[in-house]
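> What follows is a predicted protein model with its sequence.
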Amino acid sequence: MDYLELVKKAYEGMENAYVPYSKFKVGAAVLTKSGKVYTGCNIENASYGATNCAERTAIFKAVSEGEKEIEAIAIVSATEDYTFPCGICRQVIREFGKGCKVIIAKGLEYRVFDLNEILPYDFGPEDLLEDK
């Protein structure tokens with residue numbers, strides 16, 4: 001799948017956003033190593049801490065279906081600017097997509113980043129200490 005198609009899938013995912021508080025719709029689409037695509041949207045909650053971002057929704061859907069390797073993720077919003085993932089989402093992307101491409105779009109115009117460009121000096125499973 002090319003990146004423009006992944007961006008379009010992210011916009012499809014955004015349509016289901018539940019944002020009664022912020023009114024800030026975000027959509028994401030994850031391309032897994034197996035070639036499957038999972039979409040996600042942000043889902044708000046009156047208890048703000050229970051809110052889930054679009055990126056994590058898409059990734060968690062993929063992981064819940066057995067997909068644990070991300071090739072690329074596209075992120076879009078209803079704004080007229082690029083919307084980058086928050087810090088928590090960057091860390092979740094890293095957990096399942098070390099070295100993946102991050103596509104940030106506004107309309108059908110998009111920019112492609114390596115994950116390490118937006119999350120330098122990352123931390124992952126290999127950095128954990130093993131029990132001795």
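Sure, I can see it. What you are looking at is a predicted structure, and each value in this text was computed from that prediction instead of being measured.

> mind checking the SS state of the residue nearest the centre of the chain?
Geometric centre of the chain, nearest residue: residue 55, 2.7 Å, by Cα atoms, centre = their mean. Assigned by DSSP: H, G, I helix; E, B strand; the rest coil, the conformation of residue 55 is helix.

> from memory it sits against residue 38, does it?
No: using Cβ atoms under 8 Å, residue 55 makes no contact with residue 38, being 10.9 Å away. Using the backbone N, CA and C atoms, a C-beta is placed for each residue, glycine as well.

> now this protein, which segments are flagged as low pLDDT?
Along the chain, segments meeting pLDDT under 70 span 131-132.

> so where do the helices sit in it?
3-14, 54-64, 87-97, 115-118 (DSSP state H).

> Would you mind putting these into TSV with distance to residue 81 alongside?
Output for the helices of the chain, formatted as TSV (distance: least, Cβ to Cβ, whole Å):
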stretch	distance to residue 81
helix 3-14	15
helix 54-64	16
helix 87-97	17
helix 115-118	16
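
> Those helices: which one's closest to residue 74?
With Cβ to Cβ as the measure, helix 3-14 is the member of the helices of the chain nearest residue 74 (4.2 Å).

> who touches the closest one?
25-29, 31, 37, 39-41, 54, 57-58, 72, 74-78, 101, 103, 105, 108, 110, 112 (Cβ atoms under 8 Å, 6 or more residues apart in numbering).

> any idea of the angle it forms with helix 54-64?
Interaxial angle, helix 3-14 versus helix 54-64 (axes from the mean of the first three to the mean of the last three Cα atoms, to 10 degrees): 100 degrees.

> residues near the nearest residue to residue 20 once chain neighbours are set aside, how many?
Closest residue to residue 20 apart from its sequence neighbours, by Cβ to Cβ, 6 or more residues apart in numbering: residue 44 at 6.3 Å. For residue 44, the neighbour count with other Cβ atoms under 10 Å is 17.

> residues contacting residue 44?
Contacts of residue 44 (Cβ under 8 Å, 6+ apart): 18-22, 51.

> cool, and residue 61?
Counting by Cβ under 8 Å, 6+ apart, residue 61 has contacts 30, 38-40.

> Can you tell me the closest non-neighbouring residue to residue 65?
Distances taken as Cβ to Cβ, 6+ apart place residue 38 nearest to residue 65, at 7.3 Å, with adjacent residues excluded.
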